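# sequence first, then the predicted structure, then my questions.
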Amino acid sequence: MPPGTGPIVFERWIRGLLVLHALGAAALVGAATHQLLWCRGYLRGQYAACERERGMARVSAALYVLTFVLGAALYPTYKVRVRAAWFDVPLPAGDLGWVGRLFDIKEHWMALGAAAALALVWLGRSAHPARWPASARLYVGLSLVVCATTWTGAIIGLVVASYRAVGAVGGGP
Amino acid sequence: MTGERAYLVGAGAVIGFALAYALPIVAGWPLAIYEPLAHRFSLGLPAGGVTLGYFGQVLWGLSGGLIGGVLGASVGLGAAWRRKPVTEGAAILAGAWALTALVLVGAYFTWLNWP
């Protein structure tokens, strides 16, 4: 079966999934940024925002997993309808292969960021810097990774979608 | 679970996830491949065309995270058994390895896919 034909899993709900993915990503960027800002004092032994920061780390991890799962549901359709049909083929208007490779960079950083977000929740439960200060560097470092990957993912996602998004009218060039 | 043991579990899991996530690509080891047009999973190496190796790669990472977490717990239990608490220097080293593993693997895939 050539690329661009036949049914793909979740394609029927692709626009709704894309909207939910975008909303989840926007909320995640906000949550991860707040969490990073609230924990930056840990490196100086300041834990004034400890309780709300731990709560925000949990919110951030939940949003990360939700957005990641929604993105995974979109991925097969993206791979067939966008990547194979537009980015991996030579187009008269120019080569868009670099957009597809940019997306690959995003997906790898997002997987690593998801691991960091879950590790933050784990550390927050039993080895939070407020209880065990030796964990402060790792805790703040993981927070930085989570925040940086969410911003990177959101920006690259917007750039890729500006060239071609799932659910676009028409099956190929 | 004590703070130091939980910390070692967390650091070990992060290191394990990052390294195992990169392993099938670096070493050319098989992983679960999804074929969206055929609606089926198979085991193999990522090929060109319309196949998805990403889910299999994440599975590799999760398995590595589990193994790394268990190894971290073992180190923590070993330290408790010998009645030698984990020093702050060792904790910093474990944390540095965890962050380095994440950045190193992310940089590798950035380099591999650089537009």
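Arrived safely, thanks for sending. Numbering: from 1, shown residues only, chains lettered A, B, ... in the order given.
# and stretch B:5-24, how far out from the chain middle?
Taking the mean of its C-alpha atoms, stretch B:5-24 sits 4 Å from the chain's own mean (Cα atoms, centre = their mean, to the nearest Å).
# for that stretch, which positions count as buried?
B:5-24 (16 or more other Cβ atoms under 10 Å in any protein chain shown). All C-beta atoms are positioned from the backbone trio N, CA, C, and that covers glycine.
# filter these down to the ones near chain A?
With Cβ under 8 Å from any Cβ of the partner chain as the criterion, those include B:5-7, B:9-11, B:13-14, B:17-18, B:21 near chain A.
# in chain A, where is pLDDT below threshold?
Along chain A, the parts satisfying pLDDT under 70 run over A:1-5, A:168-173.
# show me where it has its helices.
Using DSSP state H, the helices of chain A run over A:14-39, A:50-77, A:97-126, A:136-163.
# indicate which one of those helices is closest to B:Ala73.
helix A:97-126 (11.6 Å; Cβ to Cβ).
# rewinding a little: could you tell me which of the ones next to chain A among the buried residues of stretch B:5-24 belong to helices?
Those of these lying in helices (DSSP H): B:5-7, B:9-11, B:13-14, B:17-18, B:21.
# and the residues you listed, which is closest to A:Ile8?
Proximity of those to A:Ile8 (Cβ to Cβ) peaks at B:Tyr21, which lies at 25.2 Å.
# you'd agree the closest one is up against B:Val58?
Yes: in this structure, B:Tyr21 is within contact of B:Val58 by Cβ atoms under 8 Å, at 7.2 Å.
# any residues in contact with both of those two?
Common contact partners of B:Tyr21 and B:Val58 (Cβ atoms under 8 Å, 6 or more residues apart in numbering or on different chains): A:Ala111.
# residue ranges with poor pLDDT in chain B?
Those would be B:1, B:48-49, if you go by pLDDT under 70 across chain B.
# give me that answer again for 80
Applying pLDDT under 80 to chain B flags residues B:1, B:46-49.
# need the residue closest to the centroid of it.
B:Phe17 (1.4 Å; Cα atoms, centre = their mean).
# helices along chain B, start to end?
Under DSSP H, chain B gives helices at B:3-27, B:54-81, B:88-113.
# show me what the second one is packed against.
What that stands for is helix B:54-81. helix A:50-77, helix A:97-126, helix B:3-27, strand B:31-35 (3 or more Cβ pairs under 8 Å, 6 or more residues apart in numbering or on different chains; DSSP states H and E).
# okay, angle between that helix and helix B:88-113 too, please.
170 degrees (axes from the mean of the first three to the mean of the last three Cα atoms, to 10 degrees).
# wait, A:Leu74 touches A:Val166, no?
Yes: the pair A:Leu74 / A:Val166 is scored as a contact, 5.8 Å apart, by Cβ under 8 Å.
# now do the shared contacts for those two.
Shared contacts of A:Leu74 and A:Val166 (Cβ under 8 Å, 6+ apart): A:14, A:18.
# just put the helices of chain A in a markdown table and tack on mean neighbour count and distance to chain B.
Shown next, in a markdown table, are the helices of chain A (neighbours: other Cβ atoms under 10 Å in any protein chain shown; distance: least, Cβ to the nearest Cβ, whole Å):
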| stretch | mean neighbour count | distance to chain B |
| --- | --- | --- |
| helix A:14-39 | 19 | 12 |
| helix A:50-77 | 20 | 4 |
| helix A:97-126 | 22 | 3 |
| helix A:136-163 | 20 | 3 |
